[in-house]
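S.K.: predicted model follows, preceded by the sequence.
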Amino acid sequence: TDLSAAPTIPNSGIPNTNDETELTDPPPVVLINEEAELTESTALLPLDSVVTDINTTTASDPTIRNGVMPNKNPDYPFSGGNGSEEQPYLISTAADLAQLSANVKAGTTYRGKYFRMTAHIILNENVLASDGTLNGGTFYGWKPIGVSNNYYFSGNFDGDNHTISGIYINQGTSYQGLFGSVVNGTIKNIGVVDSYIKGSSYTGGIVGKCLGTVTNCFISGSVNGTKDRIGGIAGYISGTVANCSSSGIITGGSNDTSPTYGGGIVGSAAASATVTDCFNSSSIYGNNEVGGIVGKNKGTVTNCQNSGSITAGGQIGGIVGFNSGTVQYCYNTGAINHSKHAAGGIAGYNQGLNGTALIQYCYNLGSVTGGKNECIGGIVGCNQASNGSAQVLYCYNTGIVYGGNHVGGLVGHNHNSKSKDTDICLVQYCYNASGISPKTGGGGCVGYNQSGSVLNCFYDKQLCMSGGIRDGDHTGQAEGRLTAEMVGPSLSGSLGQDL
């Protein structure tokens, strides 16, 4: 999705590090099952056109899986090629794809080898109903390409703008997805549609656990994990996810006291991970640490957008649920609904623990609802420094914020634990242009400031009657402005630069 169509935010000045061509309209379908239409094609993102001419094939169509999972065959020729970059192995049939899975499961990593799809592939038809839930019936189960930390894919897989539809996985084990485990590998230019993927931990629409790169991929389907690290694109990433999108339903966690690490794009992102230029419109359900883009983020999230609604327990945010890394140039328009502790339009919890947690140049337009619970903010639910730095800079909110205690138009609770004198807990150069509805104790900028710093922040006092910080204005820190004063040079000069 092109973020340029969104409301303007400042240019990051950061060059696009992804040189891959964006996923474009797919080539015509060559081979399709004769039994039923591929109805989910109308919901594809980011493709602009749909798959057509679906009733023109026969039961002998080689792109339709026959349900057989082959034995390993390291000498399998695929549909051509020699695995080099110039002549990649060609994946033209469902049998090719299944053989790749079988060989990787048997220990062939394909390190340094290249693959390219030449046709759309159907593993099952009509897996999902029109509302995104699983249809009744019997489906062929899919075995992921790579099944553990010991059996993984290390090659380069190029979907060449084709789709794989009808993935059906209903397992209680980890490492589930089209790919289960990828180490130092690359996946690009592929879409997964009309698919139901259910596992335990490390479950994703494209890949369960990825220590590599995923670019220009999308999913339109259902991803469900009973434990943690559940993502629309990847359950876990320690490399790069770029130019990817997710639409459908994402559900994580069965125990309401355990973390989900569930995200519309990535469930859990390591400190070395980067997630850039991604978009989520999936509805997300989970327990704790749930975000529209990343559930638990230790890495860097840049230029991402969420429009999907999120319903979860604690530490829930429109972009990230829990952040101890960097989130920048992102925005949220989806509704946030939570039942426990810490919810924000951008991040539920921003914690600088033995390091720096930074949220900058982000904005929220979605409502944030916390019921009777505390630490609810238009940008961040709880901003905490503990032997580190937690900062929220150059952000704004226009979404209504509802909650119990510690409710803020920008940050619910700004808390400096003062583990060290060098700890920094800062909210600066931000503004709120919406109302808040706390049960007790709220502020147009910060609901409750506990030994932290709030500087050069403003709120619309005609929309929000709660004062700047916990029922009162503080000059130079959190001040009310008239609606007419919340635009133009007066505000931008006070904020240090034009937001």
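M.R.: That came in fine, so what should we check first?
S.K.: who does the closest residue to N82 other than its chain neighbours form a beta bridge with?
M.R.: Nearest non-adjacent residue to N82, counting by CB to CB, 6 or more residues apart in numbering: Y89, 7.5 Å away. Where C-beta positions appear, they are placed from N, C-alpha and C, glycine not excepted. On the basis of DSSP bridges, Y89 is bridged to F115.
S.K.: contacting residues for Y89?
M.R.: For Y89, the contacting residues are F78, S79, G80, G81, N82, G83, K113, Y114, F115, R116, by CB atoms under 8 Å, 6 or more residues apart in numbering.
S.K.: in ChimeraX, select just the buried ones from those.
M.R.: In ChimeraX syntax, the buried subset of those is picked out as below (16 or more other CB atoms under 10 Å):
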select :78,79,81,113,114,115,116
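S.K.: and of the contacts of Y89, the nearest to A312?
M.R.: Using CB to CB, F115 comes nearest to A312 of the contacts of Y89, at 36.6 Å.
S.K.: I figured the closest one hits G155, correct?
M.R.: Yes - between F115 and G155 there is a contact under CB atoms under 8 Å: 6.1 Å.
S.K.: what's the overlap in contacts for these two?
M.R.: G83.
S.K.: please look at K298 and T274 and confirm they touch.
M.R.: No - counting by CB under 8 Å, K298 sits too far from T274 to count as a contact (11.3 Å).
S.K.: residues shared between the contacts of those two?
M.R.: By CB under 8 Å, 6+ apart, no residue touches both K298 and T274.
S.K.: can you tell me the closest non-neighbouring residue to G476?
M.R.: G476's closest residue in space is L455 (CB to CB, 6+ apart), at 6.8 Å.
S.K.: list the beta-bridge partners for T240.
M.R.: With DSSP bridges as the rule, T240 is bridged to T213, T274.
S.K.: now it: how far from I250?
M.R.: 20 Å (CB to CB, to the nearest Å).
S.K.: neighbour-wise, which of the two wins?
M.R.: A direct count of neighbours by other CB atoms under 10 Å for T240 and I250 places I250 higher, at 36 against 20.
S.K.: that one contacts I230, doesn't it?
M.R.: Yes - look at I250 against I230 with CB under 8 Å: they come within range, at 6.6 Å.
S.K.: overlap in contacts, the two.
M.R.: Contacts common to I250 and I230, judged by CB under 8 Å, 6+ apart, are V223, N224, G262, G263, G286.
S.K.: just confirm the fourth one contacts G235, I think it does.
M.R.: Yep, that's G263 we're talking about. No - using CB under 8 Å, G263 makes no contact with G235, being 9.1 Å away.
S.K.: compare those two (neighbour count), which wins?
M.R.: Ranked by neighbour count (other CB under 10 Å), G263 and G235 place G263 first, with 43 against 38.
S.K.: bridged to the more buried one, which residues?
M.R.: With DSSP bridges as the rule, G263 is bridged to G231, G291.
S.K.: who's in contact with it?
M.R.: Neighbours of G263 in contact, by CB under 8 Å, 6+ apart: 230-232, 250, 280, 284, 290-295, 320-321.
S.K.: switch the cut-off to 7 Å
M.R.: G231, G291, I293, V294, G295 (CB atoms under 7 Å, 6 or more residues apart in numbering).
S.K.: what does C210 give?
M.R.: V182, A234, Y236, I237, G239.
S.K.: would you mind giving those residues as JSON lines with distance to H406 added?
M.R.: Formatted as JSON lines, the contacts of C210 follow (distance: CB to CB, whole Å):
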{"residue": "V182", "distance to H406": "41"}
{"residue": "A234", "distance to H406": "33"}
{"residue": "Y236", "distance to H406": "31"}
{"residue": "I237", "distance to H406": "32"}
{"residue": "G239", "distance to H406": "37"}
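S.K.: can you list which of these are found in strands?
M.R.: The strands, defined by DSSP state E, take in V182, A234, Y236, I237 from the contacts of C210.
S.K.: pretty sure the last one is in contact with V266, am I right?
M.R.: Yes - in terms of CB atoms under 7 Å, I237 counts as a neighbour of V266; the distance is 5.1 Å.
S.K.: returning to what we had before: out of the shared contacts of I250 and I230, which end up buried?
M.R.: V223, N224, G262, G263, G286.
S.K.: just those residues now: which is nearest G355?
M.R.: G263 (20.5 Å).
S.K.: identify all contacting residues around the top helix by length along the chain.
M.R.: Taking DSSP state H as the criterion, the chain has its longest helix at helix 94-105. Under the criterion CB under 7 Å, 6+ apart, residues 62-65, 69-74, 76, 78-79, 91, 121, 123, 143-147, 151, 153 lie in contact with helix 94-105.
S.K.: among those residues, which are in strands?
M.R.: Per DSSP E, the contacts of helix 94-105 map to strands at I91, I121.
S.K.: narrow the contacts of helix 94-105 to just the buried residues.
M.R.: 62-65, 78-79, 91, 121, 123, 143-147, 151, 153.
S.K.: which one of the residues you listed is nearest to G444?
M.R.: Of all the buried ones among the contacts of helix 94-105, P144 has the smallest distance to G444: 48.9 Å, by CB to CB.
S.K.: tell me the confidence at the closest residue to the closest one other than its chain neighbours?
M.R.: In this structure, P144 finds its nearest non-sequential neighbour in G180, 3.1 Å apart by CB to CB, 6+ apart. The score at G180 is 98. That number is its pLDDT.
S.K.: so how far is N323 from G180?
M.R.: Distance from G180 to N323, by CB to CB: 27 Å.
S.K.: repeat for V241
M.R.: 16 Å.
S.K.: and for V487?
M.R.: According to CB to CB, V487 stands 29 Å off from N323.
S.K.: check the secondary structure at the residue nearest to P144 for me.
M.R.: Secondary structure for G180, judged by DSSP: H, G, I helix; E, B strand; the rest coil, is strand.
S.K.: from here on, call the first residue 511.
M.R.: I'll keep to 511 as the first residue from here, and by that count the last item is G690.
S.K.: quick one: contacts for it?
M.R.: P654, I655, G656, V657, G718.
S.K.: verify the stated contact: the third one with G665.
M.R.: Translated: G656. No - judged on CB under 7 Å, G656 makes no contact with G665 at a distance of 10.3 Å.
S.K.: just the pLDDT for the nearest residue to I820 once chain neighbours are set aside.
M.R.: Using CB to CB, 6+ apart and skipping the chain neighbours, the partner closest in space to I820 is I794 (4.7 Å). pLDDT, the model's per-residue confidence, is 96 for I794.
S.K.: run the chain-centre distance for whichever helix or strand I794 is part of.
M.R.: Per DSSP states H and E: I794 is located in strand 793-795. Offset of strand 793-795 from its chain centre (CA atoms, centre = their mean, to the nearest Å): 11 Å.
S.K.: pLDDT weak spots in this protein?
M.R.: Along the chain, the model assigns pLDDT under 70 to residues 511-570, 764-769, 981, 1000, 1006-1009.
S.K.: contact partners of the strand holding I794?
M.R.: I759, I760, T761, G772, G774, V800, G802, G818, S819, I820, T821, A822.
S.K.: and of those, the nearest to D933?
M.R.: V800 (27.1 Å).
S.K.: distance of that closest one relative to Y624?
M.R.: V800 is 36 Å from Y624, by CB to CB.
S.K.: likewise for F789?
M.R.: F789 is 28 Å from Y624, by CB to CB.
S.K.: likewise for I886?
M.R.: Going from I886 to Y624 by CB to CB gives 49 Å.
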